[in-house]
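Colleague: have a look at this fold, sequence not included:
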């Protein structure tokens with residue numbers, strides 16, 4: 001299961017990088033449009049913060065301190081910096097999962113995140129779906145704005 005999780009996180013974090021790279025106009029990373037209140041840049045920061053917190057800090061003991069409010073309020077971070085943050089997050093996730101033993105997956109996740117306690121495996125699977133959910137939003141955001149630019 002750990003190898004599966006590593007594969008999924010690696011695949012989708014590389015897809016996140018690709019989506020950020022594909023924006024024709026870097027400024028579009030920060031555009032909100034109609035009911036889209038979280039632009040791609042903020043969603044990227046949110047995913048980086050989320051994974052660095054729940055995998056890096058909690059499971060990998062990296063010491064990462066999250067500033068969740070900034071994930072949604074910062075603007076105009078250069079694309080190259082976003083890509084660097086994603087690269088660093090890939091390494092953090094892989095390192096933390098490398099340290100894990102399969103039996104740890106059945107143990108209770110160390111933090112109470114939802115209304116009730118979950119296993120570490122359940123929470124890690126949740127994190128993969130959370131990543132994919134926001135990745136889809138970013139893809140849709142990019143395609144809408146790039147289509148408008150044509």
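Modeller: Nice, I can see it. A quick note: this is a predicted structure, and the numbers were derived from the prediction, not measured. Numbers count the residues shown, from 1 in each chain.
Colleague: what does the pLDDT read for residue 33?
Modeller: Predicted confidence (pLDDT) for residue 33: 74.
Colleague: now do the contacts for it.
Modeller: For residue 33, the contact set (C-beta atoms under 8 Å, 6 or more residues apart in numbering) comprises 141, 144-145. Just so you know, the C-beta spots here come from the backbone N, C-alpha and C atoms, and that holds for glycine as well.
Colleague: of those, which belong to strands?
Modeller: Among the contacts of residue 33, DSSP state E puts none in strands.
Colleague: got a winner among these for most neighbours?
Modeller: Within these, most neighbours by other C-beta atoms under 10 Å means residue 141, with 23 neighbours.
Colleague: gap between the closest residue in space to that one that isn't next to it in sequence and residue 147?
Modeller: Distance criterion C-beta to C-beta, 6 or more residues apart in numbering; nearest residue to residue 141, sequence neighbours excluded, is residue 40 at 5.1 Å. For residue 40, the distance to residue 147 equals 15 Å [C-beta to C-beta, to the nearest Å].
Colleague: of these two, which one has the most company?
Modeller: Just comparing residue 40 and residue 147: by other C-beta under 10 Å the higher neighbour count belongs to residue 40, 26 against 8.
Colleague: perfect, I'm done here.
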